[in-house]
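Colleague: Give me a 3D structure for the following:
(one chain, ligands or ions: 1)
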Amino acid sequence: MSNGNDLKHVLNERQVKRLTQWTPTRQRMLQRLWSGGGTRSLAIRMFCLECVGEDVPAITGCTADTCPLWNFRPFQPKPKKG
Ligand code: SF4
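Modeller: Residues are numbered from 1 along each chain as shown. As a prediction, this is how the structure comes out:
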């Protein structure tokens, strides 16, 4: 019987090493992506976090508008309604 914690993906040596460098919550997100789960928006979020060393304000203030992900980067202020 599955308890939801089954390993669907065996991590390679590089993934195991890289995983230890992330916070625990983000480790779970990354493992979900590596196992083929998650969403594209989660993948973009994790890529931006990787790009700036998990510095959320750096993503909010990212000025690299030539980056293909720039318009899709997370942690942006929500547009005001009205
Ligand atoms: S949008 Fe900015 S933070 Fe995200 S990957 Fe591109 S350069 Fe890095």
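
Colleague: May I have the residues that are in contact with Val56?
Modeller: Counting by CB atoms under 8 Å, 6 or more residues apart in numbering, Val56 touches Leu49, Phe75. All C-beta atoms are positioned from the backbone trio N, CA, C, and that covers glycine.

Colleague: switch the cut-off to 7 Å
Modeller: Residues in contact with Val56, defined by CB atoms under 7 Å, 6 or more residues apart in numbering, are Phe75.

Colleague: swap in Arg32?
Modeller: Going by CB under 7 Å, 6+ apart, Arg32 touches Gly38.

Colleague: if I look at it, how far off is Trp70?
Modeller: Separation of Arg32 from Trp70 (CB to CB, to the nearest Å) stands at 24 Å.

Colleague: in what helix or strand does the spatially most central residue of the chain lie?
Modeller: Centroid-nearest residue in the chain, with CA atoms, centre = their mean: Met46, separated by 1.5 Å. Applying DSSP states H and E as the criterion places Met46 in helix 40-51.

Colleague: now Arg14
Modeller: Element membership of Arg14 [criterion: DSSP H and E] is helix 13-19.
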